[in-house]
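Asker: just need the structure, nothing else, for what follows:
(chains A and B)
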Amino acid sequence: MEVVLQHITKRFPSRDKNNPADVIAVNDFDLTIPDGKLVCLLGPSGCGKSTLLNMISGLAKPSDGHIFFGDVDVTALPPENRGIGLVFQNYALYPHLTVRQNIRFPLENLKGDRKLSKEAMEEKVQEAAKLVQITQYLERKPSELSGGQQQRVAIARALVKGPGVLLLDEPLSNLDARLRLQTREEIRRIQQETGVTTIFVTHDQEEAMSISDEIIVMETGFKRQVGHPQEVYDHPCSLFVAKFLGTPQINVFDGRIAGGKLYIGDEAVLDFPGFPDQEVNVGIRPEGFIPAENGAFSFERSSVEVMGRDVSIVGKHPAFQGASIRAIVSSLNKIDTTATVDRFSLVPEKVHVFDKNTGAVLTLAAKEKE
Amino acid sequence: MAQNETPFGKIKPWLYLLPSILFLGFFLVYPLIDVFIYSFEEGYNFASQTGFGIGFYNYSYVLHDPYFLQALKNTLILVAITVPLSTGLSLLISLGLSSIPALKKAFQTIYFLPYVTNTLAVGLVFMILFKKTAYSEGLINLLITAFGGEGVDFIEGPYWAKMMVLCIYTVWIVMPFKILILTSSLASVNQDYYNAAKVDGTSSGRIFWRITLPMISPMIFYLIITGFIGAFKSYSDAVALFGTNLNAAEMNTIVGYVYDMLYGNSGGYPSYASAAAVILFVIVLTITCINLLVSKKNVQY
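Answerer: A predicted model of the protein is given here:
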């Protein structure tokens, strides 16, 4: 089911006596989520992504704006009439009920002509349990299951009524690193098998990028960028998005454009025509450095970390804005371990230039001119 | 580890326990054993520290004593009425309190007041409400007559009226603590459970029976057990309402009977008092065991 958000705004009354202005958690949010896709609301904590999810689920009411499921305006509908499944961050499995009873719980609430017979319920429970592969645990209590299994039960419970939209609130944050990897593939598989439109909230960019069809990057209640994960990673629209996506983080330098060239410190690192001379922020992805003896850019090396598949060169530069620069190069490159200064040529696609004041990207326009 | 191998290391934990062992042994375990022994010694006399012999005579006497039977009956009625009633009412009030966020604090304070009020002061208030005196019929009687009913002497009148006052008094005095416990345990139920239920379209009745009640069942169970024990041990409430001559008022309780046997007008019979105390102990033990068995099936921890 297609989900459309129109001008969604959520204001909370201010608790701060010195600043009586309302707190705006979600600000004039427009979004269309295509049917059958897995999309991800991504942003740092406090950016309003969970509030937005709650409004889609109906647990919170938007202050302004409308929400449509397909053609139906559901803004005023209570959660139970929206046809959604919701998976909570802590799963919210009823601890006193068995897995079977937990999954059956939503079915038992159906009333009127949607009421199911015992056999029909059992069949649906089995179906959902099979989908998430927990059929052998149906008689157990949630406390007797591992975190990953509990997660599956929660998903089964959310799916058992056949919802049009599945909402997941930070579903992986309570799992350890390995289970997280496994579970996110599992969520992807379940989503593709059922074809249910899925909205997924997370602050973990890696999680979001790895399984979503589309990611929506949020900051302080605003929608910053929407698109396919790779697209957003390759063409961030602002410094915030560039910094938020990618591990290790993008390296940001103070730079300037002068005479159609991009300077970091005293070195002209790239041709950058089409912009007036100005101070800029220059972001370089860790993989954007290629060791080259005559490269245009250099920084002072502080250490080399060998990671097997590739090598991470950590260094310092006077124009660098963080603590230490990180360049990741293939271990095929022979790294001179005695060197104190590394020279690189830069991959133009991995270099993003941002306006010093607004943080908006300048690269796109430049690319178009080429 | 090495410390434990020395002789001193082995004694050390016992030294830590010594103060409480001494204290508990002297004031709790020794008297308990003593009571058991007294209860089997016929005609034991404190002054001479002697008795006539050993047997079940004391139990036989107590169980045939009409005053004891009256006290037993009173206590059982009191327990049977006040424990379910006070727990049920407290649950209702706590649920109410939890669903009105605005005045919750204020109401919580009001409901907690009886807990910190002196028993005898409360007794006085109940006197004003229920007692017939030379110059007043008592507030409740005034109300009854105002609505065309016939007044009853609640303090010195028929048995049912006195029992009713005692039950109301007991319920009223034990509720604050229960409300306090229940409101806090209701507040500790994770909101996500309710949200999940809401998304699933669960009716509020079903939310209560299938989610809320199981979640707070350990606390309810705790309140029921302590409620039973408390009600079986009640004594001061009856004194506050009916004075110290409870046998005459037919309002004695088992603990009251024990006290009377020791120090009351008919006092000086430690053997009978001990036997009655042991009977009470057995009753409370039995009820608590039954409670524990029932809870194993129904309480979710």
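Asker: show me which residues of the stretch 101-250 of chain B are close to chain A?
Answerer: B:190, B:192-193, B:195-203, B:206, B:210-211, B:214-215 (C-beta under 8 Å from any C-beta of the partner chain). C-beta coordinates here come from the backbone N, C-alpha and C atoms, glycine included.
Asker: report the buried members of the residues you listed.
Answerer: Among those, those buried by neighbour count (16 or more other C-beta atoms under 10 Å in any protein chain shown) are B:192-193, B:195-202, B:206, B:210-211, B:214-215.
Asker: among those residues, which ones are in helices?
Answerer: B:Asp192, B:Tyr193, B:Asn195, B:Ala196, B:Ala197, B:Lys198, B:Val199, B:Arg206, B:Pro214, B:Met215 (DSSP state H).
Asker: lowest-scoring secondary structure element of chain A by mean pLDDT?
Answerer: helix A:363-369 (a mean of 49; mean pLDDT, DSSP states H and E).
Asker: closest one to chain A out of the buried ones among the residues of the stretch 101-250 of chain B next to chain A, please.
Answerer: Closest approach to chain A among these (C-beta to the nearest C-beta): B:Gly201, at 2.9 Å.
Asker: measure the spatially closest residue to B:Ala277 that is not a sequence neighbour to chain A for me?
Answerer: Leaving aside its chain neighbours, B:Ala277 sits nearest to B:Val258 (5.2 Å; criterion: C-beta to C-beta, 6 or more residues apart in numbering or on different chains). As for B:Val258, its distance to chain A is 41 Å (criterion: C-beta to the nearest C-beta, to the nearest Å).
Asker: mean confidence for stretch A:123-134?
Answerer: For stretch A:123-134, the mean per-residue pLDDT is 87.
Asker: who touches it?
Answerer: A:99-100, A:103-104, A:107, A:116, A:135, A:138, A:149, A:152-153, A:155-157, A:159-160, A:186, A:190, A:193-194 (C-beta atoms under 8 Å, 6 or more residues apart in numbering or on different chains).
Asker: next, A:Ile328: secondary structure please.
Answerer: strand (DSSP: H, G, I helix; E, B strand; the rest coil).
Asker: tell me what it is bridged to.
Answerer: A:Ser312 (DSSP bridges).
Asker: now A:Leu262
Answerer: In this entry, A:Leu262 is beta-bridged to A:Ile257, A:Leu270, by DSSP bridges.
Asker: just to check, it is in contact with A:Phe272?
Answerer: Yes: in this structure, A:Leu262 is within contact of A:Phe272 by C-beta atoms under 8 Å, at 3.9 Å.
Asker: what do these two both touch?
Answerer: A:Val353.
Asker: what's around the closest residue to chain A within the stretch 1-150 of chain B, how many residues?
Answerer: Going by C-beta to the nearest C-beta, chain A is nearest to B:Pro101 of the stretch 1-150 of chain B, at 14.4 Å. Close neighbours of B:Pro101, defined as other C-beta atoms under 10 Å in any protein chain shown, add up to 8.
Asker: equivalent analysis for A:Leu166, please.
Answerer: 22.
Asker: isn't it up against A:Ser57?
Answerer: No: at 10.4 Å, A:Leu166 does not count as touching A:Ser57 under the criterion of C-beta under 8 Å.
Asker: common neighbours of these two, please.
Answerer: Here A:Leu166 and A:Ser57 have A:Ile84, A:Leu86 as joint contacts, going by C-beta under 8 Å, 6+ apart.
Asker: enumerate every residue touching residue 261.
Answerer: All of this is about chain A. A:Ala268, A:Leu270, A:Asp271, A:Phe272.
Asker: that's the wrong chain, I wanted chain B
Answerer: B:Gly267, B:Tyr269, B:Pro270, B:Tyr272, B:Ala273, B:Ala276 are the contacts of B:Met261 under C-beta under 8 Å, 6+ apart.
Asker: can you give me the buried ones in stretch A:232-245?
Answerer: Using 16+ other C-beta under 10 Å as the test for burial, stretch A:232-245 gives A:232-233, A:235-245.
Asker: now do stretch B:99-107
Answerer: Applying a neighbour-count criterion of 16+ other C-beta under 10 Å, one finds B:Phe107 buried in stretch B:99-107.
Asker: one more: stretch B:276-289?
Answerer: For stretch B:276-289, burial by neighbour count (16+ other C-beta under 10 Å) applies to B:Ala276, B:Ala277, B:Val278, B:Ile279, B:Leu280, B:Ile283, B:Val284, B:Ile287.
Asker: what does it rub up against?
Answerer: B:35-36, B:39, B:59, B:62-63, B:68, B:225, B:228-229, B:232-233, B:254-255, B:257-258, B:261.
Asker: mind listing which of the buried residues of stretch B:276-289 are in helices?
Answerer: Per DSSP H, the subset of the buried residues of stretch B:276-289 in helices is B:Ala276, B:Ala277, B:Val278, B:Ile279, B:Leu280, B:Ile283, B:Val284, B:Ile287.
Asker: centre-most residue in chain B?
Answerer: Using C-alpha atoms, centre = their mean, the residue of chain B that lies closest to the mean C-alpha position is B:Gly230, 1.7 Å off.
Asker: skipping adjacent residues, who's closest to it in space?
Answerer: The shortest distance from B:Gly230 to any non-neighbouring residue, by C-beta to C-beta, 6+ apart, is to B:Val174 (6.5 Å).
Asker: is the one you found in a helix, a strand, or coil?
Answerer: For B:Val174, the assignment made with three-state DSSP gives helix.
Asker: could I get the phi/psi values of A:Pro164?
Answerer: That one is not Pro; residue A:164 is Gly. With angles defined as degrees, to the nearest 10, A:Gly164 sits at phi -80, psi -30.
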